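A.B. asks: Provided below for reference: sequence and predicted model.
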Amino acid sequence: MTPANPKAIRVDLQLIADMIEPGTKVLDVGCGNGDLLEYLWRTKQVDGRGIEISTQGVQACVSAGLSVVQGDVEKDLRNYPDGAFDYVILSQTVQAMMDPKGVIEQAMRIGKRAVVSLPNFAYWRVRLYVMFKGRMPVSESLPYEWYNTPNIHFCTIRDFVRLTRHMGLTIERSLFLDEEGSSRTMGNSIATANWFGEQAVFLLKK
Amino acid sequence: MSTDQGPTDSPNPAYADGAWTLPGDRVRLAEDQALRLDSGVELEGVDVAYQTWGQLNADKSNAVLICHALTGDHFVLGEHPLTGKGGWWEAVVGAGKVIDTDRYFVICSNILGGCMGSTGPRAVNRETGQPWGKDFPVITIGDMVRAQKLLIDHLGIEKLFAVVGGSMGGMQVLEWACQFPDNVFAAVPIAAAARHSAQNIAFHEVGRQAIIADPDWRQGNYLAEGTRPYRGLAVARMAAHITYLSEAALTRKFGRNLQDRDSVTYGFEADFQVESYLRHQGNTFVDRFDANAYLFITRAMDYFDIADRFDGHLANAFKDTPVRFLVMSFTSDWLYPTRESREIVHALNAGGANVSFVEIASDKGHDAFLLDEPEFHKVFEGFLEGCAEHRGLNRKST
C-alpha cells in the first residue's frame, strides 16, 4: 500500500505532516489537490478526509482515491460531530475565510487538535514592500493583486498568537519558515518569528 | 400520434410460459421463508432475473452490484432482447471501463416489481394462476433491496465490493448502506436523494393518472381483458422524459426546429422536433414496459424517505457506518438537484462516515449519469480504484 518513494510535498505541508501522529484520523479543511492527504495516507497510514470548494480540486482528490467532499468550509463544518477527528488541518485556509475565528472554533470543536498554517503579513519583506512601494505586497508565494486575492483576512504571527490567547487555546508547537525556506522553532520568540517568518505553523489544543 | 393503434402486442418473453429464454439467469428465492414486505404482506417465492459479467475472485471480494433506475432493467450491456438497442450503461460498464468487467464481478438484477423477469405485477400470481396486475402488493425501495440481498446470498457473496446506481438505483444504494452496512464495502449513489421530493411525487402522480385515465387500463385488468393502456403509458413516459433532461439540453438538441416541414401546420400534428422526439420516446417505451409495473415502481419511489425511519434524522441512518461513500450529482439535474445530494453528504458527515462528494458540471440534466461524461467517469473510476486499494484488491493483472 505504501510506495517506496512517496511524492515530495511542499515544505510548509511537510511541516504540518510532521506534526501528525501516524494512524490518526484527520480532516484537511481546504485540501486543494489533496497533496497533503495523499502524503499522510501513504506515509503515515492516516485515515484522512477533506473538504474543498473548487471543482477541480475535489475531482483531483477523489480521482486519486482520497475521501473529499465538495463544499463550503464556512457552511459545512457545522455538520461534523464533536471530536470526530484527531486533527483538523487548516493549511493556508484561515486567511481566505469570511469568518476566520468561527472556522477555528469549528475546527477545535470537531478535532482534538488543530494544525493551522498561515502567511505572515509582518514578514520583513512584506513590511518593506508596503513601506517603500506603498502598495499591497505581491510576491511569488502571494501572487495576487488586492482586487483578486482570495486572502481577505491577512494577519501577522503576533495577531494570530493574540487570537489563540483570546480564544483560550494552547499552542502546543509552533514553527516558522524563514527566507531560506528552512523551519525554525518559534517558542516564545514571537518578535523574531514575526519579523523573519514568511509563514508559520501552529499545533493548537483546547 | 401513432399510439392510437398501439404497437404490435408481442408477448414479453420474460413472462412467457416455459423455459427462460432471455440473456442472463432467473432464480426463485424466498421459497422456504417468505419475503416480508414493508406493507406487511408476505411474498412466498420471489423470482429474480439477473445477469452477471466478469469473474468472481477466489475470496469473493470483487463483486459490484448495479441497481437500475425506474425504467431500467438488468440488461446493462449488450443488445436489449426487446428493443434491440445497446445496454443502458455501456458508457460506464465493460472491459476497461469505469466498472471494469475484467476486474470486477458485476451483477445487475431486475428489481422486485419490475417487468423484465422478476416478480412483479406482470408476473403470474401462483395462487390464482393469473397475472398479479393491480393486485400486486405495494412495494418499497427497501423491499427491492431485500430481494437483491436474497440474490447476493444465493450467489454466496457475503460482502459486496460496491453497490452503485443512479436515480432510483441511487436510492437502492442508500438502502443497501442503511440496511446492510456490513455487507457493503463502498456505496455510490448518483443523481439521487434520501427522500422523494414533493415535486417528484407530483410528476409521478401525473404519469399514474395518465395510465389510469386510459380506458384500456381496465381498472388494472388489461392483461386478462386483452387490452393495453399504451396511450396512457406513453403520455406518462413523455412527461417523465422531460424531467430527465434540461432546458439547455432540449434547446441545444431541438430548439424550435420544425419536424420535416417548412412551416407550422396550424393543427396539432408534431410540428416541432421536440414533439416528435417525445412521441417517439413514448411509443418505444410501451413496447418494453408494463403499465402496472410503472404504477407500482413510481409508488415505491414516492414512499422513499430513509430519515422517516430514524425520527427524521438522516444522520442516524448512517451513524458510524463502515461503508465508504461517493455521492455525485449533476449541475443541470433539476429532478434530483445537487442540494438533495448535499443533504445526504451532510448526514453522512454528521454520522462520521467516510464520504466523497462531487458535483459534476453537465448541461444534460438528470440523464447525465447514463451518458458520456468524462469528468463523471474519471471521478467514479478514481474512487473505485482507491477503494480497491483499501479493500486489498489487486490491480487488474496485465
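C.D. replies: Good, I have the coordinates.
A.B. asks: Check the gap between residue B:346 and residue A:157 for me.
C.D. replies: Residue B:346 sits 35 Å away from residue A:157, going by CB to CB, to the nearest Å. The way it works is simple: take the backbone N, C-alpha and C, and place the C-beta from them, glycine included.
A.B. asks: Those two - which one has more neighbours?
C.D. replies: The residue with more neighbours, out of residue B:346 and residue A:157, is residue A:157; 27 against 21, by other CB atoms under 10 Å in any protein chain shown.
A.B. asks: what's near enough to touch that one?
C.D. replies: Shown in contact with residue A:157 (CB atoms under 8 Å, 6 or more residues apart in numbering or on different chains): A:120, A:122, A:176, A:186, A:190, A:193-194, A:197, A:200.
A.B. asks: Run a quick neighbour tally on whichever residue of chain A sits closest to chain B.
C.D. replies: Residue nearest to chain B within chain A: residue A:65 (2.1 Å; CB to the nearest CB). Applying other CB under 10 Å, we find 20 other residues in the vicinity of residue A:65.
A.B. asks: for residue A:21, same thing?
C.D. replies: Neighbours around residue A:21, by other CB under 10 Å: 11.
A.B. asks: next one: residue A:182
C.D. replies: Quick note: residue A:182 (other CB under 10 Å) scores 9 neighbours.
A.B. asks: What of residue A:9?
C.D. replies: By other CB under 10 Å, the residues close to residue A:9 number 17.
A.B. asks: So it versus residue A:16, what's the distance?
C.D. replies: Distance from residue A:9 to residue A:16, by CB to CB: 9 Å.
A.B. asks: quick one: contacts for residue B:292?
C.D. replies: B:121-122, B:132-134, B:136, B:220.
A.B. asks: List, out of these, those positioned next to chain A.
C.D. replies: Subset of these in contact with chain A: empty, counting by CB under 8 Å from any CB of the partner chain.
A.B. asks: now, among those, which is nearest to residue B:23?
C.D. replies: Using CB to CB, residue B:122 comes nearest to residue B:23 of the contacts of residue B:292, at 18.1 Å.
A.B. asks: Over to the spatially most distant residue from the centre of chain A. Which of the three states is it?
C.D. replies: Distance to the chain centre peaks in chain A at residue A:132, reaching 29.3 Å (criterion: CA atoms, centre = their mean). Using DSSP: H, G, I helix; E, B strand; the rest coil, the structure places residue A:132 in helix.
A.B. asks: what would the contacts of residue B:292 look like in TSV with neighbour count and secondary structure?
C.D. replies: Formatted as TSV, the entries for the contacts of residue B:292 read as follows, by neighbours: other CB atoms under 10 Å in any protein chain shown; DSSP: H, G, I helix; E, B strand; the rest coil:
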residue	neighbour count	secondary structure
B:121	26	coil
B:122	25	coil
B:132	23	coil
B:133	22	helix
B:134	17	helix
B:136	23	coil
B:220	21	helix
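A.B. asks: what's the neighbour count on residue A:186?
C.D. replies: Look at residue A:186: counted by other CB under 10 Å, it has 21 neighbours.
A.B. asks: Contact partners for it?
C.D. replies: Residues near residue A:186 by CB under 8 Å, 6+ apart: A:157, A:174-176, A:192-193, A:197, A:200.
A.B. asks: Need the pLDDT of it.
C.D. replies: At residue A:186, the model reports a pLDDT of 90.
A.B. asks: Now it: closest residue in space, sequence neighbours ignored.
C.D. replies: residue A:174 (3.9 Å; CB to CB, 6 or more residues apart in numbering or on different chains).
A.B. asks: Output the below-cut-off pLDDT ranges for the stretch 151-300 of chain B.
C.D. replies: Nowhere does the stretch 151-300 of chain B drop to pLDDT under 70.
A.B. asks: my bad, chain A
C.D. replies: Along chain A, the model assigns pLDDT under 70 to residues A:1-6.
A.B. asks: got the residues of it near chain B?
C.D. replies: Within chain A, the positions adjacent to chain B are A:1, A:47, A:49, A:55, A:58-59, A:61-71, A:76, A:79-81, A:84 by CB under 8 Å from any CB.
A.B. asks: Does stretch B:144-161 reach chain A?
C.D. replies: No. Residues of stretch B:144-161 contacting chain A under CB under 8 Å from any CB: none, with a closest distance of 14.3 Å.
A.B. asks: Tell me who's in contact with the residue in the stretch 1-150 of chain B that chain A sits nearest to.
C.D. replies: Nearest to chain A, among the residues of the stretch 1-150 of chain B, is residue B:98, at 11.3 Å (CB to the nearest CB). Neighbouring residues of residue B:98 by CB under 8 Å, 6+ apart: B:92, B:377, B:380-381, B:384.
A.B. asks: Okay then, goodbye and thanks.
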